[in-house]
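Undergrad: give the three-dimensional model of this entry:
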Amino acid sequence: MPGPDDSLIDTIYEAAHIPELWPALLDRLSELTDAWGGMLFTATPEATRWVASPQTTDFFAQFLGAGWMAKNPLVERGVRRDHAVFLERHPSALKRLAG
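TA: As a prediction, the model looks like this:
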């Protein structure tokens, strides 16, 4: 499986400034890690903001709509820390991406 290349890294930096690039980028990262899809979200006690790869958008919208975000232990742990952090659930995906 190929690892990250310069165009992938460039796209990550571009998405930081052009949010519309995130869905396709998450899709690409999902393909590289043999994942079903990807979601990127921030959660505070006041709001949840998110973006997802195309195949996971409906799922995540339903997840939020049904109130499951409030029951997610990873989100709870992140909100308690009260600072920006990446919370991982499957470190093996990161290993696969690194090649």
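
Undergrad: quick one: the helices in the chain, in order.
TA: 6-17, 22-32, 57-65, 73-81, 91-98 (DSSP state H).

Undergrad: lowest average confidence across those, which one?
TA: Note on the helices of the chain: helix 91-98 shows the lowest mean pLDDT, a mean of 49.

Undergrad: so A43 touches M69, yeah?
TA: Yes - counting by CB atoms under 8 Å, A43 touches M69, with 6.5 Å between them. Glycine gets a C-beta too; all of them are placed from N, C-alpha and C.

Undergrad: next, count neighbours for L29.
TA: 20 (other CB atoms under 10 Å).

Undergrad: again, but for L40
TA: For L40, using other CB under 10 Å, the count is 17.

Undergrad: which residue packs closest to it, ignoring adjacent ones?
TA: Leaving aside its chain neighbours, L40 sits nearest to V51 (5.4 Å; criterion: CB to CB, 6 or more residues apart in numbering).

Undergrad: I'd say M39 and P54 touch.
TA: No - the pair M39 / P54 is not scored as a contact, 11.4 Å apart, by CB under 8 Å.

Undergrad: of the two, who's got more company?
TA: M39 (16 against 12).

Undergrad: how close does the residue nearest to D27 when sequence neighbours are not counted get to M69?
TA: Among residues not flanking D27 along the chain, S53 sits closest, at 4.1 Å (CB to CB, 6+ apart). S53 sits 18 Å away from M69 when distances are taken as CB to CB, to the nearest Å.

Undergrad: which of those two has more neighbours?
TA: The residue with more neighbours, out of S53 and M69, is S53; 23 against 16, by other CB under 10 Å.
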